[in-house]
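Engineer: One predicted model, sequence on top.
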There are 2 protein chains.
Amino acid sequence: MQRVFEALASAPRRKILALLAHGELSAGDIAARFEMTKPSISQHLSVLEAAGLVTGEKRGQFVFYRQVRDNLINTLNGFVQEACPVTRPLKRESAERQHASDETA
Amino acid sequence: MQRVFEALASAPRRKILALLAHGELSAGDIAARFEMTKPSISQHLSVLEAAGLVTGEKRGQFVFYRQVRDNLINTLNGFVQEACPVTRPLKRESAERQHASDETA
DNA sequence: ATGTTATTTATGAAATTTCCTAATCAACGA
DNA sequence: TCGTTGATTAGGAAATTTCATAAATAACAT
């Protein structure tokens, strides 16, 4: 939780996550999209990895990174549960869905 | 966006948001729940306020803080759209809704 | 008016973050 | 084997964050 939010506090790291939303990329491909040196990107990647938000896999010469999507979703969800229980605008929808799924459930 | 995530990167600040989820509290009431001095809490509150996550209203001697829930929800949602477009478990649902709204659209 | 309570502002020390350059490690190809 | 490419590690400077203490501001009660 702490590590995830610390990881998300950095704009470059959020951008990396957004890039990886579409699929895996090598460290170099990622770095190429920033005006920042490769070592700096490498460091950002290790922060993201320590937070469990991405994983890197070495294939040959390259290291391919991809998102670990569940951890991000679960952490944000866990936080929202604490900080915004029963968000108002969604409550009605949720009630409707509940209603609609009475049969399926 | 940047300010919101920076604000969320701190455990005390996330705890403040969780406290305010249940309703407004005075600065002193908040401080009482931490092992931290009032000035430090005051500073955390101003970070949260600068991020648009809470607002303080002075009533008499006290300053009552409450959440600005929309900003938190909208920011997190905006980020999730970028970093996790079409989250798998929701995709099916979303497709169904798309289907259902073909007429209305 | 004066003292008390609630809160913030000012200031500064300690720790952390962010980014760079230089150097190292590892895999590939000639 | 050597040189090259992809990536990380090491080390350090600059900026930021976090927390504290001391002082200031503001509302309240006597």
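Structural biologist: Good, I have the coordinates.
Engineer: who touches the residue of chain A found nearest chain B in this structure?
Structural biologist: The nearest approach of chain A to chain B comes at residue A:9, 3.8 Å away (Cβ to the nearest Cβ). Yep, even glycine has a C-beta here, placed from its N, CA and C like the rest. Neighbour list for residue A:9: B:5, B:6, B:8, B:9 [criterion: Cβ atoms under 8 Å, 6 or more residues apart in numbering or on different chains].
Engineer: filter those down to the ones near DNA strand D?
Structural biologist: Filtering those for neighbours of DNA strand D using Cβ under 7 Å from any atom of the strand leaves B:6, B:9.
Engineer: rewinding a little: for the residue of chain A closest to chain B, give its distance to DNA strand C.
Structural biologist: From residue A:9 across to DNA strand C, the span is 6 Å (Cβ to the nearest atom of the strand, to the nearest Å).
Engineer: Now the phi/psi pair for that residue, please.
Structural biologist: Dihedral angles of residue A:9 (phi, psi; degrees, to the nearest 10) stand at phi -70, psi -10.
Engineer: To what extent is the residue of chain A at minimum distance from DNA strand C buried, counted in neighbours?
Structural biologist: The nearest approach of chain A to DNA strand C comes at residue A:60, 2.7 Å away (Cβ to the nearest atom of the strand). By other Cβ atoms under 10 Å in any protein chain shown, 6 other residues sit near residue A:60.
Engineer: now residue A:46
Structural biologist: Residues near residue A:46, counting by other Cβ under 10 Å: 12.
Engineer: Which helix or which strand is home to it?
Structural biologist: Here residue A:46 sits within helix A:38-50, counting by DSSP states H and E.
Engineer: List the buried residues in that helix.
Structural biologist: Neighbour-count burial for helix A:38-50, counted by 16 or more other Cβ atoms under 10 Å in any protein chain shown, picks out A:41, A:44, A:45, A:47, A:48.
Engineer: mind checking the longest helix of chain A?
Structural biologist: Taking DSSP state H as the criterion, chain A has its longest helix at helix A:69-83.
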